[in-house]
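Sequence and predicted structure below; questions after.
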Amino acid sequence: MRLFSLLILIMFFGLAGCMGPHSLHKAVLGYDETISQLEREMLLINIARTHCEIPNHYTVTSSIAASFDYQANMGLESTFFERVSGGVTKYIAGLGVSATEKPTLSIIPIQGEEFTKRILSPLDENKFLFLIFQGVPIDMAMRMMARGIEIQNPDGTFKRFILNWPIRPDEYEEFRRIALHLSWLNTNRNLFVSRLYFNKSIRTKLPGPLSANDIVSSMEKGHHWQQAGEDGIYELTRPAVGRVVITNYDPETLTNSEREALNDLAAGPDNFIFVDIQPDHPGGEFPLFGRIKLRSMGEISKFVASGIDKYPEFDVNPDPRSGKVDPNPGNTLKILIDAPAKPGVLEVSYNGHDYAIGNTSWDRQSFNLLYQLFQMTVTDVGGVGAPVITINK
């Protein structure tokens, strides 16, 4: 009997010890899913706010602190009765396990300079390049991220602008056809989305010859010095990282001077991406020379919201000079209002209406792109002088 009681005691405390890690594991995963769900719903709610002509408002969960308290107790009562033939021992055991959890969440409203940087500032070419490298369809990225395309003359001067907005149906249709053409080229591996690399040379006059240490130090940085003439004139050649370009030819096949000249044409604000589709290369029947202008997160929200009913997008077929592109949905991101809810579809309630994303593979990927863009605009909130909202449960 004593051995049996000891085994019960060991099993009890073993069970109590297993409950702690198991509960912690579930709690961590639960918090992670909750925060992720909140961020997804916040994006959709801000689309709903824009649809209702109410200003956007975002918050960031800066920290989660949770304390876990696990307690286990066991009581054992024993009574001994003496008898002539021996004794009888009666055991009464009481078992108890308790767990308490006290989470504290701190959220920071995105406002002031932080709001300007994350929501109002245009996206940059680095984000576009990164997403294309991650496999995001280029037509989806262009439809979501681009305000339009600036068509240029061969010398780089402005010619006209094509707006990616159904408010101007003709321009919107032309933009869609350009996006589909680039997507077709990319599907057939005839499109190059890359950053330009070239060597840049600078001539300067030095007071005297270079020392051995100067030459070695320059070589370690990838720089190269050479004498370019008499009177102390030297030429410094160093590697340079240029702009992002979209072409139907490999920029690496160009000479160094041609890549440098192409980079000069691509110069400008970092929310512009240079496009050069040449006639004498694949897809050149539909030439293009200009720059894609990127939107801000706030503009993306406005574009998607206006597509609900105010300025709805519409189907556009590829240009006859392009091949077939599939899928090619009418909406960049379809948002449904008061539609019957389907399991697994993100839905939020706002201002008396239910908003949900379309239940198609394209819409799910498109919303995932929107979520990634929002995450890519994250900056350091630690030094932001914004009020912190702390929630204790």
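Arrived safely. Numbering: from 1, shown residues only.

what's the neighbour count on residue 179?
For residue 179, the count of nearby residues is 25 (other C-beta atoms under 10 Å). All C-beta atoms are positioned from the backbone trio N, CA, C, and that covers glycine.

can you confirm it is in a helix?
Yes - counting by DSSP: H, G, I helix; E, B strand; the rest coil, one finds residue 179 located in a helix.

and it, what is it in contact with?
138, 139, 142, 143, 146 (C-beta atoms under 8 Å, 6 or more residues apart in numbering).

repeat that with 6 Å
Listed by C-beta atoms under 6 Å, 6 or more residues apart in numbering, the contact set of residue 179 reads 139, 142.

From residue 167, how far off is it?
17 Å (C-beta to C-beta, to the nearest Å).

swap in residue 361?
28 Å.

Quick one: the strands in the protein, in order.
With DSSP state E, the ranges of strands along the chain come out as 58-82, 87-110, 146-152, 158-163, 192-205, 224-227, 233-247, 272-277, 288-294, 335-337, 347-350, 353-357, 389-392.

Mind listing residues that contact the fourth one?
Spelled out, that is strand 158-163. 148, 149, 150, 151, 152, 153, 171, 174, 175.

what about that strand, average pLDDT?
The pLDDT scores in strand 158-163 average 98.

Ok, the third one next?
Per-residue pLDDT over strand 146-152 has a mean of 98.

cool, and the longest one?
The average pLDDT within strand 58-82 is 59.

Also stretch 314-323?
The model assigns stretch 314-323 a mean pLDDT of 96.

end to end, how far does that stretch reach?
20 Å (C-alpha to C-alpha, to the nearest Å).

neighbouring contacts of that stretch?
Contacts of stretch 314-323 (C-beta under 6 Å, 6+ apart): 173, 176, 177, 180, 181, 184, 285, 286, 325, 330.

By neighbours, which of those residues wins?
Going by other C-beta under 10 Å, residue 176 tops those with 26 neighbours.

Which residues are in contact with that one?
So residue 176 contacts residue 316 (C-beta under 6 Å, 6+ apart).

confidence score at it?
Residue 176 is given a pLDDT of 98.

Can you tell me how far it is from residue 139?
In terms of C-beta to C-beta, residue 176 sits 8 Å off from residue 139.

and what of residue 277?
14 Å.

Residue 237 now?
39 Å.

Also residue 40?
Residue 40 sits 23 Å away from residue 139, going by C-beta to C-beta.

can you check residue 34 too?
Taken as C-beta to C-beta, the span from residue 34 to residue 139 is 34 Å.

Compare the two and say which is more crowded by neighbours.
residue 139 (22 against 14).

Tell me the pLDDT of that one.
Confidence score, pLDDT, at residue 139: 98.

and if you look at residue 85?
53.

repeat for the one 4 residues further on
The confidence metric pLDDT takes the value 53 at residue 89.

Equivalent analysis for residue 108, please.
79.

and it, how far is that from residue 263?
In terms of C-beta to C-beta, residue 108 sits 39 Å off from residue 263.

and this structure, what are its domains?
Split into domains by automatic domain parsing, the chain comes to 2-110, 124-195+248-332.

of all those domains, which lies closest to residue 341?
domain 2-110 (13.2 Å; C-beta to C-beta).

Next, the buried residues of stretch 307-321.
307, 308, 311, 313, 316, 318, 319 (16 or more other C-beta atoms under 10 Å).

So the second one sits against residue 333, correct?
Yep, that's residue 308 we're talking about. No - assessed by C-beta atoms under 6 Å, residue 308 is found out of contact with residue 333, at 10.0 Å.

What distance do you get for residue 55 to residue 191?
Distance from residue 55 to residue 191, by C-beta to C-beta: 38 Å.

These two - which one has more neighbours?
Neighbour count, other C-beta under 10 Å: between residue 55 and residue 191, residue 191 has more, with 22 against 8.

if I pick that one, what's in contact with it?
Contacts of residue 191 by C-beta under 6 Å, 6+ apart are residue 185.

State the distance from it to residue 251.
Residue 191 is 12 Å from residue 251, by C-beta to C-beta.

and for stretch 131-140, what are the contacting residues?
141, 179, 180, 182, 183, 186, 193, 369.

Tell me the most packed of those, by neighbour count.
Within these, neighbour counts (other C-beta under 10 Å) peak at residue 182, which reaches 28 neighbours.

Please report how far that one lies from residue 265.
From residue 182 to residue 265 the distance is 18 Å (C-beta to C-beta).

Neighbours of the closest residue to residue 308 other than its chain neighbours, how many?
Of all residues not flanking residue 308 in the chain, residue 335 sits nearest, at 5.1 Å (C-beta to C-beta, 6 or more residues apart in numbering). Per other C-beta under 10 Å, the neighbour tally for residue 335 reads 21.

before we move on, the earlier item: present the domains of the chain as TSV; the columns should include distance to residue 348.
Shown next, in TSV, are the domains of the chain (distance: least, C-beta to C-beta, whole Å):
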stretch	distance to residue 348
domain 2-110	5
domain 124-195+248-332	13
